[in-house]
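Visitor: Sequence and predicted structure are below.
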Amino acid sequence: MGIQEIFGALGRRWYVVVVGVLVTLGAGWQLYQTTPPEYTARSLVLLLPPQGDVTAPEAVGVNPFLELAGLDLTARVVIATYTSTAFEEELAEVSPDAEVEVNIDDSTRGGVIAVVAKDRGEAQTLRTLEYVTASVSERLASLQKEVGVADIDAVRSMQLATDTEATRDFQSLIRLLVIVVGAGFGVTFVLALVLDVVLVRRQRRGFMVRRERPSWFWKRKSAAVQGAADETEPTSSTGRSPRLPDLDDDSSSPNGAPRPRSGRRRAPASPRPAPRQDTRP
């Protein structure tokens with residue numbers, strides 16, 4: 001089916017297209033009104049090197065920001081703990097609709113962890129962000145305690161930045177609207193094309209039946225016409241149509257007596273002349 005045929009079918013079934021478009025737009029508007037808005041908030045957690053080094057006691061008090069490059073691996077180990085199912089269950093108890101992403105911040109080099117929280121409602125989003133941000137320091141301390149790291153040699157963390165206001169996020173709503181509207185338009189167009197194919201085939205089938213009908217329909221009609229013509233003819237007292245005399249029939253006369261055969265009489269044959277005799281001497 002070409003493009004022209006598709007547009008022709010949609011034009012013939014325009015009422016299906018109009019109803020489908022109206023229903024689809026109404027469903028999209030209802031989804032927009034009933035779907036709660038989502039908000040997004042972001043925070044950054046900075047990992048700091050230990051306060052002192054056992055092998056170099058004189059290094060205590062050195063600027064810790066100069067040693068941030070070596071904390072990338074530590075930050076990745078902490079992030080790996082947020083991919084477990086235990087954290088998902090823990091987050092579900094805090095907020096069932098919350099979505100959290102914990103990754104390395106791409107804008108900096110070193111141990112900077114970025115926390116992105118998405119939840120329903122601005123206040124709930126900020127609470128979820130605060131909970132996950134605080135858990136970074138707790139998980140970092142728990143990992144180091146499990147391997148027996150002393151407090152003076154432990155990696156520290158600090159909250160570098162956090163959002164005080166959550167921003168409205170339309171990505172999820174846009175995805176839902178695209179799915180609903182796209183599915184509605186697709187179903188509408190497919191339904192219009194299928195209906196057009198069915199009706200066109202039915203019309204063609206009816207046309208073929210009308211073309212084949214004269215083989216029996218016209219015979220019945222001609223018989224009905226002949227019967228009506230017979231009823232309009234004058235009838236005699238016996239109920240039968242009077243028989244017109246056949247002018248070419250010589251066997252009957254007007255009064256019912258047999259008519260003599262008419263024919264031309266032949267003229268009598270004249271005598272043949274006698275042959276001439278030769279009288280010359």
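Guide: Yes, it's here. Numbering: from 1, shown residues only.

Visitor: Quick check: longest strand in the protein by residues?
Guide: Longest strand in the chain by number of residues (criterion: DSSP state E): strand 38-48.

Visitor: Check what pLDDT residue 163 gets.
Guide: Looking at residue 163, its pLDDT is 89.

Visitor: nope, residue 197 is what I was after
Guide: For residue 197, pLDDT reads 86.

Visitor: Sheet-wise, list the partners of the longest strand of the chain with their directions.
Guide: Sheet pairing of strand 38-48 (DSSP bridges) gives strand 112-120 (antiparallel), strand 156-162 (antiparallel), strand 167-169 (antiparallel).

Visitor: how about those strands in TSV, adding distance to residue 95 and mean neighbour count?
Guide: Using the backbone N, CA and C atoms, a C-beta is placed for each residue, glycine as well. Shown next, in TSV, are the strands paired with strand 38-48 (distance: least, CB to CB, whole Å; neighbours: other CB atoms under 10 Å):
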stretch	distance to residue 95	mean neighbour count
strand 112-120	5	22
strand 156-162	17	15
strand 167-169	15	13
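
Visitor: and the longest helix along the chain with strand 38-48, angle?
Guide: If you go by DSSP state H, the chain has its longest helix at helix 171-212. For helix 171-212 against strand 38-48, the angle by axes from the mean of the first three to the mean of the last three CA atoms, to 10 degrees is 140 degrees.

Visitor: quick one, which of the strands paired with strand 38-48 is nearest to residue 182?
Guide: Among the strands paired with strand 38-48, the nearest to residue 182 by CB to CB is strand 167-169 (20.8 Å).

Visitor: I figured residue 158 hits residue 49, correct?
Guide: No - with contact defined as CB atoms under 8 Å, residue 158 does not count as touching residue 49 (11.8 Å).

Visitor: returning to what we had before: may I have the longest strand of the chain exported as CSV, CA atoms only?
Guide: The C-alpha coordinates for strand 38-48 follow below in CSV (Å, rounded to 0.1, in the frame of the first residue of the first chain):
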residue,chain,number,x,y,z
GLU,A,38,8.3,14.7,39.9
TYR,A,39,11.1,16.7,41.3
THR,A,40,14.9,16.3,41.2
ALA,A,41,17.6,17.5,43.6
ARG,A,42,21.4,17.0,43.6
SER,A,43,24.2,17.0,46.1
LEU,A,44,28.0,16.5,46.0
VAL,A,45,30.0,14.6,48.6
LEU,A,46,33.8,15.2,48.7
LEU,A,47,36.2,12.5,50.0
LEU,A,48,39.2,13.7,51.9
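
Visitor: I would like the residues contacting the next helix or strand after that strand, please.
Guide: Beyond strand 38-48 in the direction of the C-terminus, DSSP states H and E gives the next helix or strand as helix 72-80. Contacting residues not belonging to helix 72-80 are listed as 47, 102-104, 109-113, 136, 139-140, 143, 155 [CB atoms under 8 Å, 6 or more residues apart in numbering].

Visitor: Apply the buried test to these and list what passes.
Guide: 47, 102, 110-113, 136, 139-140, 143, 155 (16 or more other CB atoms under 10 Å).

Visitor: and which of those residues is nearest residue 125?
Guide: residue 102 (15.4 Å).

Visitor: which one is the closest one nearest to, not counting chain neighbours?
Guide: Leaving aside its sequence neighbours, residue 102 sits nearest to residue 82 (CB to CB, 6 or more residues apart in numbering; 4.3 Å).

Visitor: Surely the one you found is in contact with residue 113?
Guide: No - between residue 82 and residue 113 there is no contact under CB under 8 Å: 9.5 Å.
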